[in-house]
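Novice: Please find the sequence and the predicted model below.
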Amino acid sequence: MVKILVTGASGQIGSELTLELRKRYGNENVIAAFHNKKAPEELIVSGPYEYIDVTRKIDLERVIKKYDINVIYHLAAILSARGENDPQLTWNVNVNGLINVLEAAREYDVNRVFWPSSIAVFGPETPKYNAPQETIMIPRTIYGITKVTGELLINYYFNRYGLDVRCLRYPGIISSMTPPGGGSTDYAVEMFYFAITKKHYVCFVKEDTTLPMMYMPDCIKAAIMLMEADPIKIKHRVYNVSAMSFSAGQLAAEIRKYIPDFKCEFKPDFRQEIVSTWPISVDDSIARQEWGWKPDYDLPTMVKDMIEKVGRKIQR
Ligand code: AKB
């Protein structure tokens, strides 16, 4: 019997992933955990939930014991832009939180752990195009530093203790249900809300800023595919995954196909400096070879779906 704990369940990825896991494994078998934040109504009513501060190992232990948890999706984290306002807090949540999860997983015989890394592990020295899975990683943000540290830790826990931890390096994630908070790729979600409600958006990166991105259904599909993959096929602990790359200007132009009078201005702020250190595209061929990764959405199909879903959400 699978009993899954999702930390950071009220966040951008967590809210949709939790609902998908509940559909797959049964509502009562997926425990949503969040910290001090109002969670989407759907999460609260569809299954069990708990308040957890991942920097307190005792909180994790209580929930793991209470539900006899054997799989953890550990998503609680502070993202890149917010991280720069408080590097110590970011280290505490992202690194000490992860160590608490890994230690608790080891002590309570949890079978499998998922942890998201990010393209933020890369830095200006990484090749800009098709950034390889194994490459030079000298991130410039505290968030990126915590993600590199986390990748090293999960490799350590696998090699030292045999803990089956699996990790994806996500690009910027575009979602319709829960907006991201504190990321440097948030413009790619905000643009839809402003285009639909105000027909005007001031974008915080330059028009030609091009980054790897992924639509939420692919983000969830990748996590579940990796977690369900046969251990024999998994030769790495950390995988690059990719779906599409586009510039902020190309995104605005694609949205304009549905909202012709949408006006987008580009006024870069401190987040431009962050995204300028990240690659334009990543090479995910190892994930494709080893466990069959393949995204479903590209720029036009993602924009079409987002316009419909965000439009419906705003009307409600
Ligand atoms: C962020 O912008 O911080 C995140 C990420 C790329 O990890 N979306």
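Specialist: Alright, I've got the coordinates.

Novice: What residues sit buried inside the longest helix along the chain?
Specialist: If you go by DSSP state H, the chain has its longest helix at helix 142-161. Buried residues in helix 142-161, counted by 16 or more other C-beta atoms under 10 Å: 142-151, 153-154, 157-158. Every residue, glycine included, has its C-beta placed from N, CA and C.

Novice: centre of the chain versus the next helix or strand after it, how much separation?
Specialist: Proceeding N to C from helix 142-161, the next assigned helix or strand is strand 164-170, under DSSP states H and E. Averaging C-alpha positions (C-alpha atoms, centre = their mean, to the nearest Å) puts strand 164-170 11 Å from its chain's average.

Novice: What is strand 164-170 packed up against?
Specialist: With contacts defined as 3 or more C-beta pairs under 8 Å, 6 or more residues apart in numbering; DSSP states H and E, strand 164-170 has these neighbours: strand 112-118, helix 142-161, helix 216-228, strand 238-240.

Novice: which residues of this protein fall in helices?
Specialist: 12-25, 41-46, 57-67, 80-83, 87-91, 97-107, 142-161, 187-197, 216-228, 248-256, 270-275, 285-291, 299-315.

Novice: Need the ones you listed in a markdown table (columns: mean pLDDT).
Specialist: Below are the helices of the chain laid out as a markdown table (pLDDT from 0 to 100):
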| stretch | mean pLDDT |
| --- | --- |
| helix 12-25 | 98 |
| helix 41-46 | 94 |
| helix 57-67 | 98 |
| helix 80-83 | 98 |
| helix 87-91 | 98 |
| helix 97-107 | 98 |
| helix 142-161 | 98 |
| helix 187-197 | 98 |
| helix 216-228 | 98 |
| helix 248-256 | 98 |
| helix 270-275 | 98 |
| helix 285-291 | 98 |
| helix 299-315 | 96 |
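
Novice: any chance of the ones you listed in TSV, plus distance to S176?
Specialist: Listed next are the helices of the chain as TSV, based on distance: least, C-beta to C-beta, whole Å:
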stretch	distance to S176
helix 12-25	9
helix 41-46	13
helix 57-67	29
helix 80-83	21
helix 87-91	27
helix 97-107	27
helix 142-161	24
helix 187-197	8
helix 216-228	7
helix 248-256	13
helix 270-275	22
helix 285-291	24
helix 299-315	4
